[in-house]
Every structure is written in structure tokens, then in C-alpha cells.
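A.B. asks: Have a look at this fold, sequence not included:
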């Protein structure tokens, strides 16, 4: 959410910037220079320099004298300025790559007209004007390509700036921040005592990366703070679609929807209620076999928790217009998140976890919402085996990852792919637990009687033919053969 700055904020900003001892790489003062090309070059240079110096915004200010920072006023009126028949702002936007949400503000300061051009920092690429990238070196504008060391540093910064540190809302008063963030939930989840005053609360949230204090004295909420502790994610326009959608269908297709809900709270504050709501939507199993009692939930809650938490943590926030989704059918549930995995899906059980959103993952681990050691998928596989469910299926689409949990299905009703997938994941689970798979362990996984062990041998052979498992000790007899994953 980007709120329109109040006059008090703009006056405070002018006052604070004018106090700077000299022009910096992210602030430029002008009197009446209104040349369009010059303004475009300044936007490119200041946006790129702000990224280099760790500033969320840079500023070009008309009405402050460059030499002594005296406030002298300006005759420049951006709202009335045109290039040919085109408004200046539209002309600039058309020639900038990538497009920037820069904003002009006009105000009176001590009865003198002032114009502020607020320029957001470059995020993923250097900002170009007329296909040229600029940079501030001291108080001068230079072509970025002439300073290769600076260019390399800038690209390193782009690679290092995570989603969590970017801003969700800027220029907020302390009261507004505390209205928009469920700060009591933060202190409750972390076990940190609630500070006695507002300043202490804000300071702690800032220390945790949830907030950032601006030069004006106002506050900005980071994406981390908003996505975790927003009272309403819809208040932050670019995060509104990141709320979790929960959809219950009639039957096994998407033709008829029974109910649809969308989460409104940040992930940390709303996770417990989200899982509870999912559980109320799920049907119950009455007779499932040896591992289950009557009238128990169709899917293990621990598996649901882990998969939903993974969907939140590992999503790609740069993919707009979509977010995490939980879909419940009569015979399965599908948990989908934007973004493709950073590792091979066949190696989920043994590869150390990697996340695009390390700060988000770290905090949710810290408060016990997801696994500390990356063993979440191990637990999902174990739970599906214990509950006598088909093995989970992981699917990767061009921009999404989907994990499917299946309702109970008798062995005779499983197809070849179901059985091979279950065999492979069982072998992986045994291996990461310092054990090996054999005919007996796989029979126990499928609850197959010993007299039918030939069925299990056939499944193992099919899984070997698929290249997913291999013999651990080829020299042993047929009855003693043991198996390990192909990657071991």
C-alpha cells in the first residue's frame, strides 16, 4: 500500500534533506532546471545510486540552492510541464526502463514553492533513460558503463536484495503502523515480553526487519512485516493476491465449487486458523485399515501443516497475480504455490533445504510453524505411509509447484505409477534414516501379506527399471537383497 504523503510529512522531508551537509549520491538539489532530458538522466542516476547506497528512495528537489542548501523556492511546475504535446511525467515514464513509480510533489515551505521528485531505488536491473544507464559519482552524473566496478557492485546488490527487505508501505505514522500490523501476535509468537511503550514496540519490530525508519521520522513496513503480521493483507495492494485461497469442490473435478475462502491475515498470525479451517473442510475416513481408527481425518494434520508451510515459504513473490492455493476434492487435496523448486523434486528428501525467502523461512522456523532442519518432506512421506495413503505426488508447471495428497486407496486400486512412486519415496525415507529398503519393509509399507511378496518384488523391479532405485549389495541372495535410491 502506498499512501499519499501528508503535508506534514513533505515539510519534514524537505527540512531533513536540507540539513544534509552536502549533496549525496541519492539527493540532488536544483533551483529551476526543468530540462526534460536532464530530469530523465537524474532519475536513472539517482535510482541506481540509491540501490548502491542502500536507500529505498532518492530525491530530486527543486527550490533548494545547491551551494548552501538555502530554501529559495522554484518556478518549476511539473504538472504543467510538457514535452511537445505530451505531459512531462508521461514522457519520462515512456523513456525509462524498467518503468518506475516516481512521483512529483508540490508544496509550499515557508511561503516558498518546492517540488520534490521521489524516485524509488532500482530493484532488479539498472534503470535506463533513453537506453542509457546513469550513476551519480559524487555530485556528477556519469554513464554507468564507464565505471565497471560500480556496475558489478550494483548487479551484486540486485542479486542480494530479497523480497522481504523491500517495502510494502511507506511514509506511515507510528499509529498507522501499529494499526496495520498485529504486533501483539509478534510478541506472543516469539515469546518476547511486550515493551511498555510505543517506541519500544516500534524499535523491536524494526530490529526484527518488520519496519524501517525513514529520514523524515516516519515509518515504512517491509514486505516481511506485512506478509507475516498484516491484520489485512488486502491493505497492501501488491500482497493482496498472496493471501491463501482455500477451495472445496464437489466430486473430483473443478466443475462445481462448494465453498471458497481467502485468508486475510499475515502468514504468521493467520497460520493456526488456516490449518484449523482446512481441517474442518476435510472429510473423515471411517474404515481405512490397520493403521487407522474409525472417524479419523482423511489426511494427517502434520503432513498438511508441513506442505502448507512449504507453499508459503518457497513461493516466488515476483510472480504477480497469483498466490498459494489449497484445493480439496473428494479423493485428494492439492497444495499449489507460485514458483518452481530450486532443487530436483526427486531429491526433496535428502537435499538440504533452499528457499528464495530466507528471512521468511527463518522466522517461521523460529516460531515453530515449519521445520527447523528441512525434515518436513520426510515427515510428510512418513505420515502418508503410516496412514496407509498413496505416496504424495509433486508436479512442476511452468510457474507453479503442486503437491498432491491422495485419499486412502487399497493396494489393488493403485496404478503402476502410484506403486513406483511409493516404492521410491519409501526407499528414500529409509535411506535418510540410515536404513535400507528390502522386500519386507516395502511389504509392510503396502500392508501386503508375506505369501504375496512376489507382488512387491515386481514393484521393486519396475522402480529399478524406472531408474529410481538400485541394488545396495548385488552379491547377496535373492531373499536378502537390499535397495537404495539412485542418487546414493
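C.D. replies: Perfect, I can see it now. The shown structure was predicted, so the numbers you read here are calculated from the model rather than taken from an experiment.

A.B. asks: Just give the closest residue to the residue nearest the centre of the chain, not the sequence neighbours.
C.D. replies: Geometric centre of the chain, nearest residue: residue 317, 4.3 Å, by CA atoms, centre = their mean. Spatially, and ignoring its direct neighbours in sequence, residue 317 is nearest to residue 163 (4.4 Å; CB to CB, 6 or more residues apart in numbering). Bear in mind the C-beta positions are built from the backbone N, C-alpha and C, glycine included.

A.B. asks: How many residues are close by that neighbour?
C.D. replies: Residues lying near residue 163 (other CB atoms under 10 Å) number 19.

A.B. asks: can you pull out the helices in the stretch 201-350 of the chain?
C.D. replies: 223-229, 267-281, 301-313 (DSSP state H, counting those that start in this stretch).

A.B. asks: residues of the longest strand anywhere in the chain that come out buried?
C.D. replies: Looking across the chain with DSSP state E, the single longest strand is strand 112-120. Using 16 or more other CB atoms under 10 Å as the test for burial, strand 112-120 gives 113, 114, 115, 116, 117, 118, 119, 120.

A.B. asks: Take those residues and write them to TSV, including distance to residue 376 and pLDDT.
C.D. replies: Output for the buried residues of strand 112-120, formatted as TSV (distance: CB to CB, whole Å; pLDDT from 0 to 100):
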residue	distance to residue 376	pLDDT
113	58	92
114	54	93
115	53	93
116	48	93
117	47	93
118	42	91
119	42	92
120	36	88
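
A.B. asks: For residue 265, state which of the residues you listed is nearest.
C.D. replies: Nearest to residue 265, judged by CB to CB, of these is residue 120 at 27.3 Å.

A.B. asks: Look at residue 415 and report its pLDDT.
C.D. replies: As predicted, residue 415 sits at a pLDDT of 94.

A.B. asks: what's around it, how many residues?
C.D. replies: Count around residue 415 with other CB under 10 Å applied: 10.

A.B. asks: Tell me if I'm right that residue 116 and residue 78 touch.
C.D. replies: No: using CB atoms under 8 Å as the test, residue 116 is too far from residue 78 to be in contact (9.9 Å).

A.B. asks: Give the residues shared as contacts by the two.
C.D. replies: residue 104 (CB atoms under 8 Å, 6 or more residues apart in numbering).

A.B. asks: what phi and what psi does the backbone show at the residue nearest to the centre of the chain?
C.D. replies: With angles defined as degrees, to the nearest 10, residue 317 sits at phi -70, psi -10.

A.B. asks: My read is that it contacts residue 242, right?
C.D. replies: Yes: at 6.9 Å, residue 317 and residue 242 qualify as touching, with contact defined as CB under 8 Å.

A.B. asks: give me phi/psi at the closest residue in space to residue 107 that isn't next to it in sequence?
C.D. replies: Nearest residue to residue 107 in three dimensions, chain neighbours excluded: residue 10, at 4.9 Å (CB to CB, 6+ apart). Main-chain torsions, residue 10, degrees, to the nearest 10: phi -60, psi -40.

A.B. asks: So what's the residue count around residue 10?
C.D. replies: 20.

A.B. asks: Equivalent analysis for the one 3 residues further on, please.
C.D. replies: Residue crowding around residue 13 was assessed by other CB under 10 Å; the count is 25.

A.B. asks: got it, and residue 270?
C.D. replies: 22.

A.B. asks: Contacts only, for it.
C.D. replies: By CB under 8 Å, 6+ apart, the contact set of residue 270 is 263, 264.

A.B. asks: ok, now residue 88?
C.D. replies: Residue 88 neighbours (CB under 8 Å, 6+ apart): 36, 39, 78, 81, 82.

A.B. asks: can you tell me which residues contact residue 485?
C.D. replies: Counted by CB under 8 Å, 6+ apart, residue 485 has contacts 350, 424, 427, 428, 431, 468, 469, 470.

A.B. asks: State the distance from it to residue 219.
C.D. replies: 50 Å (CB to CB, to the nearest Å).

A.B. asks: what does residue 468 give?
C.D. replies: Distance from residue 468 to residue 219, by CB to CB: 52 Å.

A.B. asks: next one: residue 109
C.D. replies: According to CB to CB, residue 109 stands 22 Å off from residue 219.

A.B. asks: Compare neighbour counts for those two and give me the winner.
C.D. replies: residue 219 (23 against 18).

A.B. asks: Next one, pLDDT for the more buried one please.
C.D. replies: For residue 219, pLDDT reads 89.

A.B. asks: That one reaches residue 178, doesn't it?
C.D. replies: No: taking CB under 8 Å as the definition, residue 219 is not a contact partner of residue 178, at 9.5 Å.

A.B. asks: For residue 114, which residues are in contact?
C.D. replies: 14, 61, 62, 63, 64, 71, 73, 74, 106, 107, 108.

A.B. asks: With adjacent residues omitted, what lies nearest to it?
C.D. replies: Per CB to CB, 6+ apart, closest to residue 114 is residue 63, 4.0 Å.
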